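Q: how would this look folded up:
(2 chains)
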Number of protein chains: 2
Amino acid sequence: MPNYSAEVDAVLRALADPTRRAIVERLSLAPAVVSELAAPFAMALPSVLQHLRVLEDARVITSSKQGRVRTVALRPGALDVLHLWLDQRRTPAEQRADRLGIHLTRTSPKET
Amino acid sequence: MPNYSAEVDAVLRALADPTRRAIVERLSLAPAVVSELAAPFAMALPSVLQHLRVLEDARVITSSKQGRVRTVALRPGALDVLHLWLDQRRTPAEQRADRLGIHLTRTSPKET
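A: Residues are numbered from 1 along each chain as shown, chains lettered A, B, ... in the order given. Below you'll find the predicted structure:
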């Protein structure tokens, strides 16, 4: 990951806006065409397109065009960089608890 | 969690700034006093205090004062709300992969 810090920055800035977060929440269910995505928001289409551009620049979503219809999808693994950053933020006490959990899982009798 | 969406919003806005993210990265190693936290940043102390206030309002950090020294710490579980939000964003394909992984873990022969 050549530019990890810049990736984390782009994803967090993209998600810090509630409209963009709502778009990501919608797309985590299934891909959608732009008009469907815009429908729930009381905003002009150019504003929605601007939000989509920010999400696409942050590599959170991908889009493809067939004829006049643009379909938008959550990029698989798009949020992995944020998972990784969060995991690295676990405090020493939380990390000890994690290791204890792993140890107990490995040594406890197998479920039947 | 009475106001989950507002919590996610506050945490993401707090983390969308690189200075605040650097403070959180530092605090995930150990608590620190304010002067230590401010040292790596080429900014005036009031600006650092302003960033700390945003992090504290978002309940990402806690602070306590002994005499004239204020110590700041990452609040345990502060970022759980973001973990939860991210987990809910897994696409149906990723969720199927998760379930397959759980199934294989449960049914594979135990490590010796």
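
Q: When you work out contacts or count neighbours from here on, use the C-alpha atoms and nothing else.
A: Fine.

Q: worst-scoring helix or strand of chain A, pLDDT-wise?
A: Using mean pLDDT, DSSP states H and E, the weakest-scoring helix or strand in chain A turns out to be helix A:92-107, at a mean of 77.

Q: List the buried residues in it.
A: By neighbour count on 16 or more other CA atoms under 10 Å in any protein chain shown, the buried set for helix A:92-107 is empty.

Q: and the residue nearest the centre of chain A, what is it in contact with?
A: In chain A, the centroid-proximal residue (CA atoms, centre = their mean) is A:Leu79; its distance is 3.7 Å. With contact set as CA atoms under 8 Å, 6 or more residues apart in numbering or on different chains, A:Leu79 has these partners: A:Val11, A:Val60, B:Leu86.

Q: Give me the buried entries from the residues you listed.
A: A residue is treated as buried here by neighbour count (16+ other CA under 10 Å); on that basis the buried members of those are A:Val11, A:Val60.

Q: can you redo the contacts of A:Leu79 as CSV with pLDDT, distance to B:Pro46 and secondary structure?
A: Written out in CSV, the entries for the contacts of A:Leu79 read as follows (pLDDT from 0 to 100; distance: CA to CA, whole Å; DSSP: H, G, I helix; E, B strand; the rest coil):
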residue, pLDDT, distance to B:Pro46, secondary structure
A:Val11, 96, 28, helix
A:Val60, 96, 34, coil
B:Leu86, 91, 33, helix
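
Q: need the residues of chain A near chain B, please.
A: For chain A, the contact set with chain B under CA under 8 Å from any CA of the partner chain comprises A:9, A:12-13, A:15-18, A:24-25, A:28-30, A:74, A:76, A:79, A:83, A:86, A:89-92, A:94, A:110.

Q: how much space between A:Glu36 and chain B?
A: Taken as CA to the nearest CA, to the nearest Å, the spacing of A:Glu36 relative to chain B amounts to 18 Å.

Q: Mind checking what secondary structure that residue has?
A: For A:Glu36, the assignment made with DSSP: H, G, I helix; E, B strand; the rest coil gives helix.

Q: Number of residues surrounding it?
A: A:Glu36 has 12 neighbouring residues, counting by other CA atoms under 10 Å in any protein chain shown.

Q: what do you get for A:Ser35?
A: Look at A:Ser35: counted by other CA under 10 Å, it has 13 neighbours.

Q: likewise A:Asn3?
A: 7.

Q: where's it relative to B:Ile23, distance?
A: Remark: distance between A:Asn3 and B:Ile23 (CA to CA, to the nearest Å) = 19 Å.

Q: swap in A:Arg106?
A: Taking CA to CA as the measure, A:Arg106 falls 35 Å from B:Ile23.

Q: what distance separates the host helix or strand of A:Leu82 from the middle of the whole chain?
A: With secondary structure defined by DSSP states H and E, A:Leu82 is part of helix A:80-88. Offset of helix A:80-88 from its chain centre (CA atoms, centre = their mean, to the nearest Å): 11 Å.

Q: now do stretch A:91-99
A: The chain centroid and the centroid of stretch A:91-99 are separated by 25 Å under CA atoms, centre = their mean.

Q: quick one: contacts of it?
A: Contacts made with stretch A:91-99 from outside it, assessed by CA under 8 Å, 6+ apart, are listed as B:Ser28, B:Leu29, B:Ala30, B:Leu74, B:Pro76.
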